[in-house]
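**Student:** Sharing a model prediction with you, sequence too.
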Amino acid sequence: VVSSARIAVGRALSPTPPGRYFVTDIIRSKDPKGLYGPYALGLSAHSTVYTSFAGGNGQVGLHGTNQPSVLGRDVSAGCVRVRNDVIRRLARRVPLGTPVIIRS
């Protein structure tokens with residue numbers, strides 16, 4: 001285990017898909033104080049609801065948030081949100097291909 005943290009996951013209408021995945025991308029945000037925080041880790045997971053989202057292909061991400069008060073709730077469009085300090089630490093520590101397990 002590299003990290004354990006309080007998270008926010010997808011709403012009932014856009015659930016975060018449980019399963020075994022891996023990190024495919026590490027993206028530094030253009031706006032570290034914005035919706036996705038300072039980094040986003042792209043995962044090999046894809047939404048079961050969206051075939052496209054925000055110009056992408058429905059890929060699920062693990063990213064920071066500008067709303068840490070929502071952590072612990074089902075609020076996202078399917079991605080996993082963590083505190084910004086957590087995503088910074090993960091972006092520095094995990095290489096591409098790192099396994100990620102999403103549990104229900």
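**Tutor:** Nice, I can see it.
**Student:** tell me the contacts of the residue nearest the centre of the chain?
**Tutor:** Nearest to the geometric centre of the chain sits residue 62, at 1.5 Å (C-alpha atoms, centre = their mean). Listed by C-beta atoms under 8 Å, 6 or more residues apart in numbering, the contact set of residue 62 reads 23, 40-41, 43, 79-80, 82, 87, 90, 100. No exception for glycine: its C-beta is placed from N, CA and C like everyone else's.
**Student:** same check, this time on residue 39
**Tutor:** By C-beta under 8 Å, 6+ apart, residue 39 lies in contact with 26-29, 63-64, 87-88, 90-91.
**Student:** now, which of the residues you listed lie within helices?
**Tutor:** Those of these mapping onto helices are 87-88, 90-91, per DSSP state H.
**Student:** So which of those is the closest to residue 51?
**Tutor:** Nearest to residue 51 among those: residue 87, at 25.6 Å, using C-beta to C-beta.
**Student:** Just the pLDDT at residue 2, thanks.
**Tutor:** Predicted confidence (pLDDT) for residue 2: 79.
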